[in-house]
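> sequence and predicted model, in that order:
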Amino acid sequence: MQKIPISLAAPDMVLARDLFRNNSPAGIPICGKGTTLTTSLLSRLQQLGVQSIYVEGHPVQQDGDLTPEEQLAELDKRFSKTLDNKYNLMLRDIYRKQINDIMGEHGGRPSE
């Protein structure tokens with residue numbers, strides 16, 4: 001899941017959280033989790049003043065974001081001193097799976 005500015009949202013992205021007016025769960029619901037974005041829906045959200053949304057995956061590379069390869073290298077570096085501990089290895093593998101699930105082999109972007 002990634003929080004992105006509405007200006008970077010694109011058709012076919014999928015909302016990862018329910019979207020409420022005024023960004024408050026007490027506000028009026030606008031769209032539900034799992035909604036696939038369309039050009040017209042994005043235009044309407046901008047008209048409603050929505051500033052940012054949460055989308056599934058990690059479809060937008062922003063300044064300061066690490067690539068999936070960089071994230072996995074950083075993870076391996078952090079666990080490098082504990083490779084003899086099977087529980088730490090299990091934990092590292094859980095984190096690796098999560099990075100791969102979120103970022104995917106295409107950095108969270110759909111394959112071409």
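Arrived safely. Numbering: from 1, shown residues only.

> just give me the longest helix of this protein.
Longest helix in the chain, counting residues (DSSP state H): helix 86-103.

> tell me the phi and psi of residue 78?
phi -70, psi -30 (degrees, to the nearest 10).

> can you pull the phi and psi angles for the residue located most distally from the centre of the chain?
No residue in the chain sits farther from the centre than residue 84, which is 32.3 Å out by Cα atoms, centre = their mean. Torsion angles at residue 84 (phi, psi; degrees, to the nearest 10) stand at phi -90, psi 0.

> please apply the same query to residue 66.
phi -90, psi 150.

> average pLDDT across the longest helix of the chain?
Average pLDDT, helix 86-103: 88.

> one step back: quick check: the residue farthest from the centre of the chain vs residue 53, distance?
Note on residue 84: its distance to residue 53, by Cβ to Cβ, to the nearest Å, is 44 Å. All C-beta atoms are positioned from the backbone trio N, CA, C, and that covers glycine.

> check residue 100 too.
23 Å.

> quick one: the longest helix of the chain to chain centroid distance?
17 Å (Cα atoms, centre = their mean, to the nearest Å).

> just the buried positions in it, please.
Neighbour counts using 16 or more other Cβ atoms under 10 Å place 92, 99, 103 of helix 86-103 among the buried residues.

> please apply the same query to stretch 76-83.
residue 79.

> shaky segments in this structure?
104-112 (pLDDT under 70).
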